[in-house]
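In: this one's structure only:
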């Protein structure tokens, strides 16, 4: 049962013979009304504080949920970035290996071509040397034969 300070102040006791002193009763009623009024004010103030505290608590819970969600999203993003970087590194490594293999193949091919060219040039050198040697021998023979003819012409017959 709720009773207000106003109800305490307005309450009227029945008058009886040999009853309580009306002034004392009035004083007690006023005192009780004042105490009750203070308690009601204190209760309202406490209810307001409790309401604010509940709202703050709810706000803190909301912030905590947001922080947890943000942290979870950040962890997922970090994992995705790490995975992405790992995949990108694997792709780059694979591409580098392929490029390396192509370079090695190209180098081998160029080496083979140079070897073939070297062999061709050696053969051409040998051929040229043979031709030069043949030409020198031809001119030597021609020169020798011409000198022999001169010597024969200059020798007396007889």
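Out: The structure has been received and is ready for your questions. Here the structure is a predicted model, which is why all the values come from computation and not from measurement. Numbering: from 1, shown residues only.
In: and stretch 145-158, how far out from the chain middle?
Out: A distance of 101 Å separates the centroid of the chain from that of stretch 145-158, by CA atoms, centre = their mean, to the nearest Å.
In: shaky segments in this protein?
Out: 1, 156-158 (pLDDT under 70).
In: one more pass at 80, please.
Out: Residues of the chain meeting the criterion pLDDT under 80: 1-5, 8-9, 11-22, 146-158.
In: for the residue nearest the centre of the chain, give its distance to residue 89.
Out: Per CA atoms, centre = their mean, the C-alpha nearest to the average position across the chain is that of residue 81, at 3.9 Å. Distance, residue 81 to residue 89, using CB to CB, to the nearest Å: 12 Å. Any C-beta I mention is one placed from the backbone N, CA and C, and that applies to glycine too.
In: show me what the longest helix belonging to the chain is packed against.
Out: The helix spanning the most residues in the chain, taking DSSP state H as the definition, is helix 22-154. Counting contacts by 3 or more CB pairs under 8 Å, 6 or more residues apart in numbering; DSSP states H and E, helix 22-154 packs against helix 5-10.
In: which strands and helices sit next to the helix it packs on?
Out: helix 22-154.
In: gap between the helix it packs on and the chain center?
Out: 9 Å.
In: then stretch 15-24?
Out: Offset of stretch 15-24 from its chain centre (CA atoms, centre = their mean): 89 Å.
In: quick one: contacts of that stretch?
Out: Contacts with stretch 15-24, where a contact means CB atoms under 8 Å, 6 or more residues apart in numbering, come from residue 13.
In: in it, what counts as buried?
Out: For stretch 15-24, burial by neighbour count (16 or more other CB atoms under 10 Å) applies to no residue.
In: and that stretch, how far apart are its ends?
Out: Taking CA to CA, to the nearest Å, stretch 15-24 runs 14 Å from one end to the other.
In: ditto for stretch 15-23
Out: 13 Å.
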